[in-house]
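Chemist: Build me a structure from this.
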Amino acid sequence: PQGVRVLLNPAPNPEGLPVEVTEGLEQDIVTEYKDWKRVDQEEVKRGAETGKERERMGWEEARVFLGRAENQRV
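Modeler: Model (predicted):
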């Protein structure tokens, strides 16, 4: 039907990443699990310092923390 968008891949490849994820990694707009865990640990550490469960980082702050800020790209 018109206006309907397919959200699930009708023929997924269980051995590979979806094209959208691969492209996101290449464009540095997708965070890998290991990087997300680093951000998570830092947020919990910062929160503990202020008596909170966590102190959330914004996207840009997380990118700087991970060393991937726009001005640091090659």
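Chemist: C-alpha from now on. contacts and neighbour counts both.
Modeler: Noted.
Chemist: Not counting sequence-adjacent ones, nearest residue to the residue nearest to the spatial centre of the chain?
Modeler: Residue closest to the mean C-alpha point of the chain, counted by C-alpha atoms, centre = their mean, is T31 at 2.8 Å. Excluding its sequence neighbours, the residue lying closest to T31 (C-alpha to C-alpha, 6 or more residues apart in numbering) is L25, at 7.3 Å.
Chemist: in which helix or strand would I find that neighbour?
Modeler: helix 19-26 (DSSP states H and E).
Chemist: quick one, phi/psi of the residue nearest to the centre of the chain?
Modeler: In terms of degrees, to the nearest 10, the main-chain angles of T31 are phi -100, psi 130.
Chemist: what do you get for E55?
Modeler: Taking degrees, to the nearest 10, you get phi -120, psi 100 for the backbone angles of E55.
Chemist: Number of residues surrounding it?
Modeler: Number of residues near E55 (other C-alpha atoms under 10 Å) recorded here: 17.
Chemist: ditto for E23
Modeler: 13.
Chemist: all helices in the chain, in order from the N-terminus.
Modeler: In the chain, the helices defined using DSSP state H lie at 19-26, 33-49, 59-65.
Chemist: hmm, who's touching the longest one?
Modeler: Counting by C-alpha atoms under 8 Å, 6 or more residues apart in numbering, the neighbours of helix 33-49 from elsewhere in the structure are E53, R54, E55, R56, M57, A62, F65, L66.
Chemist: pLDDT value on the fifth one, please?
Modeler: So that's M57. Confidence at M57, expressed as pLDDT, is 95.
Chemist: Then the first one?
Modeler: The predicted structure scores E53 at 97 on the pLDDT scale.
Chemist: Perfect, I'm done here.
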